[in-house]
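**Q** following is a predicted model, sequence given first.
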Amino acid sequence: MADGGSADDQWLLAPAERELVMTKNRANRLGFAILLTFFRERGRFPRDEGEVETQGIAALSKQLDVPALIDGEAFLTGRTAERLRAEIRVRFGFREATVADADLLTVWLRDHVAGEVGGEIAPMIERLEARCRELAIEPPTIDRVERIARTALRAHEDRFHLGVYERLSPATRERLDALLRPDQASGNEAAQEDTAGNAPALLLKLRGSPGRPSLASLQDELAKLELIRQIDLPADLFDRAAPRDLERCRRRVSVEAPHELRRHPDAARITWLATFIYLRARSLTDDLVDLLIETIHQIGARAERKVERELLQDLKRVSGKQNLLFELADATLARPDGVVRDVVFPVVGEQTLRDLVKEWKATGPTYRVTLRTVIRNSYRGHYRRMVPKLLAALEFRSNNDRHRPVMQALELVKRFADTQVRAFPPDEDVPLDGVVRGLWRDAVVEQDGAGRNRVNRITYEIAVLEALREQLRCKEIWVVGANRYRNPDQDLPADFEENRQEYYQALNLPLDAERFIADVQAEMRETLGMLDTGLKQNRHVRLSAKGGGWITLTPPGRAARSTQPDRAQGRTQRPLADDQPARYGQGDRSAAGLHRRAEEPHGLRGPGTFGVATTPAAVLARYRHECRLAAHGGPGFWDDGEGFGLRPPALP
């Protein structure tokens, strides 16, 4: 069916068309009508009976008042069919395709279509038929059309291969071919034999994934990136290449064994290898950035777990601290000159006071200082061996002047990476604002023997890494040569400003911002209305008075096994009640953000969950996040000794 109109309209005969059909022999009317309407809609005749819907034949037979023939009896063949087809072509101004037309269509497909379809033949055939309709040419047979499409694709690939091959110098071609040979540094006589499954070629080293973050994996990835950079491809080699062409070449190198690749023609082989190297360099850069982000995360996460294990062994939460304070004040005011053991201990026991001291040490400055010390020692003893190398291999940039201090701090860290100084020189301009945040602010500045303020280099490096991680994750800072961490300005098409309306139409979004906001609000109201309506009827969901109205869900597996949802929900929440006092009375333990990723939305599991009590793991992750926010003055939980509640955000 042609674009526009319904399925029934394509079989509807216009008055002039019906008049033409009625001039034919009664036995040929239905067949002629089928050819006429099909050609009118698609610009060609049906290739087989399966292309014509049964309901279409029925609709035409009803309009012509003739019986609806079945089993292909309505389709015309022989000289009669040829004569009627010629009449239909003349009526619509079409002609049959010639050899010259096939050549022109091949060139058109090569120049305008082959680079957009990623090597798929079906889209090329569809575009070829549309082009024939524009030119008023009846397409050739399906076999001929497929040959034209494949010829055009091959011509496009040959032209692409030759264009890339000619732009590469002989030395670069030799370095690319060397990837298919064994590594001379580690090879022996037996290693010269490379097979499909175990070939000791350099190319196979580049195919591997980075694995878990470690010093060894980092060194491997850096070695791969250095190997790729030594090939020295022109920077603008693929600036005008279609992404699908590049991906097709990359897949070819990724699946073929080195000895199979060596059998291909020089232009194709070198182009495939150059494309693979180009895309592999981008993915390796992404992998290195991922390793950097994960490494920075691990520094704080492992230190936090270590400090937790030590402190939780001695920690005992004391409930009712507010009441204890009032009782203690009343007793001391009643006997201000008395002895502590005689006045205070009878009201608040000695062990209770000891527990209060332990709790304060675990949640106050003692915990934060301990965590900072563990993080600093861990970074200095292990992670510092890999981070400077990683920073040196990556080129960071930012389009926002607001983050200029972080960029300056990175340059400072790189400049002093190979030195042995403990603190930066007094005359060095060390940016602190916008770089050193949270609890590191107190630890980064220290005084030397002369009483001058000096910035401790190791502590400052940790603070810089934390700030870098945050900005990389939101792409305020980007990495040269990366793909996922590339310049955010490249996320939009180059012609976005000129064709803004077309792109918004493709995304089905309005150009007007007010309308967009109104649509989002309407969708939210509708969805919340559905939630409100369904909440009352769902026996596995209930609203709790705790925390201002938590939505409590029964886990899906437990809901299916239990016929008593209230008991199931009670079991769901019980681990939180049992575990909260011992595990989460820690105050601020984040040490300026180097902690587990509790803020990331990974705790809720299973489809359809929308609360914070789906499983104990989800509840604990959510509670941990709220405690950290509260410690930084943001919205979160507070504990008054009687229970937990929501803490409002601090006023500016």
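**A** Thanks, I have it.

**Q** the strands in this protein, which residues?
**A** For the chain, the strands defined by DSSP state E cover 95-96, 137-138, 396-398, 445-447, 453-455, 477-479, 541-543, 551-553, 636-639, 644-647.

**Q** please work out how many residues are found near Gly208.
**A** Close neighbours of Gly208, defined as other CB atoms under 10 Å, add up to 11. Yep, even glycine has a C-beta here, placed from its N, CA and C like the rest.

**Q** pLDDT at it, what is it?
**A** The model reports Gly208 with a pLDDT of 77.

**Q** correct me if wrong: it contacts Asp220.
**A** Yes - applying CB atoms under 8 Å, one finds Gly208 in contact with Asp220, separated by 7.5 Å.

**Q** ok so, going back, and the strands of the chain as TSV, adding mean pLDDT and mean neighbour count?
**A** Compiled in TSV, those are given as follows (pLDDT from 0 to 100; neighbours: other CB atoms under 10 Å):
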stretch	mean pLDDT	mean neighbour count
strand 95-96	92	12
strand 137-138	92	21
strand 396-398	92	16
strand 445-447	80	13
strand 453-455	85	16
strand 477-479	93	22
strand 541-543	80	16
strand 551-553	79	21
strand 636-639	39	19
strand 644-647	36	16
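
**Q** could I get the ones you listed as TSV with distance to Met524?
**A** Formatted as TSV, the strands of the chain follow (distance: least, CB to CB, whole Å):
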stretch	distance to Met524
strand 95-96	57
strand 137-138	52
strand 396-398	33
strand 445-447	46
strand 453-455	47
strand 477-479	32
strand 541-543	19
strand 551-553	16
strand 636-639	24
strand 644-647	22
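
**Q** among those, which is nearest Lys24?
**A** strand 137-138 (20.5 Å; CB to CB).

**Q** list the neighbouring strands of the closest one plus their orientation.
**A** strand 95-96 (parallel) (DSSP bridges).

**Q** name the surrounding residues that touch the strand it pairs with.
**A** Arg89, Ala136, Ile137, Glu138 (CB atoms under 8 Å, 6 or more residues apart in numbering).

**Q** just the buried positions in stretch 509-528, please.
**A** By 16 or more other CB atoms under 10 Å, stretch 509-528 has no buried positions at all.

**Q** my bad, stretch 529-536
**A** Per 16+ other CB under 10 Å, stretch 529-536 contains no buried residues.

**Q** average pLDDT across that stretch?
**A** 83.

**Q** can you give me the offset of it from its chain's centre?
**A** 32 Å (CA atoms, centre = their mean, to the nearest Å).

**Q** can I get that stretch in CSV? Just the C-alpha atoms.
**A** Output of stretch 529-536 as CSV, limited to C-alpha atoms (Å, rounded to 0.1, in the frame of the first residue of the first chain):
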residue,chain,number,x,y,z
GLY,A,529,-4.0,8.7,39.2
MET,A,530,-3.5,5.1,38.1
LEU,A,531,-1.3,4.5,41.1
ASP,A,532,-3.8,6.0,43.5
THR,A,533,-6.6,4.0,42.1
GLY,A,534,-4.7,0.7,42.0
LEU,A,535,-3.2,1.2,45.4
LYS,A,536,-6.5,0.7,47.2
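
**Q** tell me the centre residue of this protein?
**A** Arg484 (8.0 Å; CA atoms, centre = their mean).

**Q** who's in contact with the residue nearest to that residue when sequence neighbours are not counted?
**A** Leaving aside its sequence neighbours, Arg484 sits nearest to Asp286 (CB to CB, 6 or more residues apart in numbering; 4.8 Å). Going by CB under 8 Å, 6+ apart, Asp286 touches Ala482, Asn483, Arg484, Tyr485.

**Q** again, only using 10 Å
**A** Each residue near Asp286 by CB atoms under 10 Å, 6 or more residues apart in numbering is listed here: Pro210, Val479, Gly481, Ala482, Asn483, Arg484, Tyr485, Arg486.

**Q** what is the nearest of the residues you listed to Gly43?
**A** Out of the contacts of Asp286, the member with the shortest distance to Gly43 (by CB to CB) is Asn483, at 41.2 Å.

**Q** what's the local residue count around the closest residue to the closest one other than its chain neighbours?
**A** Distances taken as CB to CB, 6+ apart put Arg282 closest to Asn483, at 4.2 Å, once the chain neighbours are dropped. If you count neighbours by other CB under 10 Å, Arg282 ends up with 17.

**Q** surely Arg282 meets Thr275?
**A** No - using CB atoms under 10 Å, Arg282 is not in contact with Thr275, being 11.3 Å away.

**Q** ok, back up a step: for Asn377, find the nearest of the strands of the chain.
**A** strand 445-447 (16.3 Å).

**Q** next one: that closest one to chain centre, how far?
**A** When distances are taken as CA atoms, centre = their mean, strand 445-447 is centred 41 Å away from the chain's centroid.

**Q** okay, now the sheet partners of it, with direction.
**A** Strand 445-447 is paired, per DSSP bridges, with strand 453-455 (antiparallel).

**Q** chain center to the partner strand, what's the gap?
**A** Taking CA atoms, centre = their mean, one finds strand 453-455 lying 41 Å from the centre of the chain it belongs to.

**Q** and what of stretch 235-246?
**A** Worked out by CA atoms, centre = their mean, stretch 235-246 lies 22 Å from the chain centre.

**Q** what is the end-to-end distance of that stretch?
**A** 15 Å (CA to CA, to the nearest Å).

**Q** coming back round to it: ok now do the residue nearest to Asn483, which residues does it touch?
**A** Per CB under 10 Å, 6+ apart, neighbours of Arg282: Ile228, Val479, Gly481, Ala482, Asn483, Arg484, Tyr485, Arg486.

**Q** for Thr554, see how far away the nearest residue to the last one once chain neighbours are set aside is.
**A** Setting aside the residues directly before and after it, Arg486 is nearest to Trp478 in space (CB to CB, 6+ apart), at 5.9 Å. The spacing between Trp478 and Thr554, counted by CB to CB, to the nearest Å, is 44 Å.

**Q** Phe276 now?
**A** 51 Å.

**Q** flag every buried residue along stretch 131-146.
**A** Within stretch 131-146, the residues that count as buried by 16+ other CB under 10 Å are Arg131, Cys132, Arg133, Ile137, Glu138, Pro139, Pro140, Val145, Glu146.

**Q** wait, stretch 340-351
**A** Across stretch 340-351, burial judged by 16+ other CB under 10 Å covers Val343, Val344, Val348.

**Q** return the member of the residues you listed nearest to Pro46.
**A** Taking those together and measuring to Pro46 by CB to CB, the closest member is Val348, at 94.4 Å.

**Q** so that closest one touches Ala331, yeah?
**A** Yes - counting by CB under 10 Å, Ala331 is a contact partner of Val348 at 8.1 Å.

**Q** longest helix in the chain, by residue count?
**A** Taking residue count as the measure and DSSP state H as the definition, the longest helix of the chain comes out as helix 266-312.

**Q** in contact with the residue nearest to Arg44 when sequence neighbours are not counted, which residues?
**A** Spatially, and ignoring its direct neighbours in sequence, Arg44 is nearest to Pro139 (5.1 Å; CB to CB, 6+ apart). For Pro139, the contact set (CB under 10 Å, 6+ apart) comprises 42-45, 47, 94, 96-97, 101-102, 105, 125, 128-133, 145, 148.
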